[in-house]
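> 3D, please:
(2 chains)
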Number of protein chains: 2
Amino acid sequence: MQKLTVVKIGGNIIDDKERLADFLLSFSRLQGNKILIHGGGKVATEMGTKLGIKANYHNGRRITDKETLELVTMVYGGLINKTIVAQLQSIGANAIGLTGADGKIMSAQKRPVKNIDYGFVGDMNKDSINTGFLNSLLNTGALPVIAPLTYNEGTLLNTNADNIANEIAKAMSAIMEVQLVFCFEQKGVLLDIQDPASLIKQINKQDFEDLKAKQVITDGMIPKLENAFEAINSGVKNVKIGQAEELEELVNGTKGTTIS
Amino acid sequence: MQKLTVVKIGGNIIDDKERLADFLLSFSRLQGNKILIHGGGKVATEMGTKLGIKANYHNGRRITDKETLELVTMVYGGLINKTIVAQLQSIGANAIGLTGADGKIMSAQKRPVKNIDYGFVGDMNKDSINTGFLNSLLNTGALPVIAPLTYNEGTLLNTNADNIANEIAKAMSAIMEVQLVFCFEQKGVLLDIQDPASLIKQINKQDFEDLKAKQVITDGMIPKLENAFEAINSGVKNVKIGQAEELEELVNGTKGTTIS
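Model prediction:
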């Protein structure tokens, strides 16, 4: 079975040109098939401010009205995605930038309006990943670079990049041996968030439940790990969490947290 | 030999949502392999005005400083390109949006600075078209939708969409029977620009030289036709010029001007 590494990077690294360049170089050097999923970064908010589009958040998710959808289509699908693609090409990696609409690689449902209307925010449709098309791109030697925009009935939808990475990794596990890597601010899952030396190198479901019960693992780390265990249960070989600067070591398992 | 239709649409139709929707429906119904190349439209200038980026033109070509490159990357590569892709997907056409950087499908040279520094404006590199990759996309049933942005050494370059269409049509003629269609404001090449009934249905190089000498064909039509004849000489089977509203008839030869 061919191997595939699915890597998700967040806004913090996208906003820092030098760190992004270093990361892309490490990423381009990873062996075998690769897919990169990128988040948004501050540039959409900055650009929105200049355009007079106010950022409204509810529970950490941006409310995406029509103007904001145009903004994120420009910034995520245009500026960030194409800048990453051009940089990867300059170091010899044959990147191709995609949203969910391109080749209909993934679709989502517009989030139902309950108390809050999130607007053009999409929740991934499970089983919507066009694995055949992604596979045919990988077979040409191309390296898909995916923006956090999914597709539904003629429109794009603003979608969480972690969820996209999860669904792509799970779906591709049917045809490849998949490793899923989440790059974020911390060196991995920490026992003490103030102390990088308290890194948990390996964590299984039982450890996680224990640490959650003791409130050692809290807040945003809980859904991240729950998603990771779900990915493992759905056929992903392993999930790594750590810093973008340590991508190579994350992949070879010498740094960061390995979820198994 | 497989057939390929390469269609270029300009800004006038991109700026008009209804006309664009009608055009995309006709385009999606064309038989066989298809590639769409789109121009810019007014939205980049409007968005630029909001962002405080002034549009500077010299001889009809936009001077593209760093800020303007970011603007056109967002608008051409993001907003316009992905909106067209999503609309095509909604009518069953498996579109995939591309710039020159994606799959390194085409590259250009930054225009040399003489009296004027055009900034990040690129002139197409002849023989830079990645026909193998475009062919492999077409073989998956995908429909490439190409923004007027080429690639050179890690950066995108703002590039004339007519020239992109020409170079793609010429290069693809090595492996397919190519028809090249330019959609613009007029019904085709007219003897009297005020009178749509004065349409020239067929024009060859000799006719063109005669009409140019008599100053019946002038201004912007001269480079358009010169490019068309160059395309024919480089293996493109035929070139059509006419209105987007008459795409089907342009392709079957019942309307517009056929260059042969």
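> now stretch A:168-184: buried residues?
Within stretch A:168-184, the residues scored as buried using 16 or more other Cβ atoms under 10 Å in any protein chain shown are A:168-173, A:176-184. C-beta: built from backbone N, CA, C; applies to glycine.
> what mean pLDDT does it have?
Mean per-residue pLDDT for stretch A:168-184: 97.
> what parts of chain A come near chain B?
A:47, A:50-52, A:70, A:73-79, A:81-83, A:85-87, A:89-90, A:94-99, A:101-104, A:133, A:136, A:140, A:142, A:149, A:151, A:153-156 (Cβ under 8 Å from any Cβ of the partner chain).
> of all residues in chain A, which one is closest to chain B?
residue A:78 (2.1 Å; Cβ to the nearest Cβ).
> tell me the SS of that residue?
Secondary structure, DSSP: H, G, I helix; E, B strand; the rest coil: residue A:78 is helix.
> surely residue A:8 and residue A:163 touch.
No - Residue A:8 lies out of contact with residue A:163 (Cβ atoms under 8 Å); the separation is 9.7 Å.
> between the two, tell me which one has more neighbours.
Neighbour tally, residue A:8 and residue A:163, criterion other Cβ atoms under 10 Å in any protein chain shown: the higher count belongs to residue A:8, 26 against 19.
> got the buried residues for the helix or strand that one falls within?
Using DSSP states H and E, residue A:8 falls within strand A:3-9. The neighbour-count check on strand A:3-9 (16+ other Cβ under 10 Å) flags A:4, A:5, A:6, A:7, A:8, A:9 as buried.
> need these in TSV (columns: pLDDT).
Listed next are the buried residues of strand A:3-9 as TSV, based on pLDDT from 0 to 100:
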residue	pLDDT
A:4	98
A:5	98
A:6	98
A:7	98
A:8	97
A:9	97
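> how much space between residue A:236 and residue A:230?
Look at residue A:236 and residue A:230: by Cβ to Cβ, to the nearest Å, they are 9 Å apart.
> quick one: the helices in chain A?
Using DSSP state H, the helices of chain A run over A:11-14, A:17-29, A:43-50, A:66-72, A:81-90, A:131-139, A:161-172, A:205-213, A:221-233, A:247-252.
> would you list these in JSON lines and tack on distance to residue B:213?
Below are the helices of chain A laid out as JSON lines (distance: least, Cβ to Cβ, whole Å):
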{"stretch": "helix A:11-14", "distance to residue B:213": "57"}
{"stretch": "helix A:17-29", "distance to residue B:213": "55"}
{"stretch": "helix A:43-50", "distance to residue B:213": "51"}
{"stretch": "helix A:66-72", "distance to residue B:213": "48"}
{"stretch": "helix A:81-90", "distance to residue B:213": "45"}
{"stretch": "helix A:131-139", "distance to residue B:213": "51"}
{"stretch": "helix A:161-172", "distance to residue B:213": "60"}
{"stretch": "helix A:205-213", "distance to residue B:213": "82"}
{"stretch": "helix A:221-233", "distance to residue B:213": "70"}
{"stretch": "helix A:247-252", "distance to residue B:213": "64"}
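> out of those helices, which gets nearest to residue A:112?
Among the helices of chain A, helix A:161-172 comes nearest to residue A:112, with 16.3 Å by Cβ to Cβ.
> report the inter-axis angle for that closest one versus strand A:3-9.
With axes from the mean of the first three to the mean of the last three Cα atoms, to 10 degrees as the basis, helix A:161-172 and strand A:3-9 are set at 170 degrees to each other.
> name the helices or strands packed onto helix A:161-172?
For helix A:161-172, the packing partners by 3 or more Cβ pairs under 8 Å, 6 or more residues apart in numbering or on different chains; DSSP states H and E come out as strand A:3-9, strand A:33-38, strand A:122-124, helix A:131-139, strand A:177-184, helix A:221-233.
> can I get the ones you listed in TSV with distance to residue B:118?
Formatted as TSV, these follow (distance: least, Cβ to Cβ, whole Å):
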stretch	distance to residue B:118
strand A:3-9	33
strand A:33-38	30
strand A:122-124	39
helix A:131-139	34
strand A:177-184	38
helix A:221-233	47
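> quick one, which of the ones you listed is nearest to residue B:32?
Using Cβ to Cβ, the nearest of these to residue B:32 is helix A:131-139, at 19.5 Å.
> in the closest one, which residues are buried?
Buried residues in helix A:131-139 (16+ other Cβ under 10 Å): A:131, A:133, A:134, A:135, A:136, A:137, A:138.
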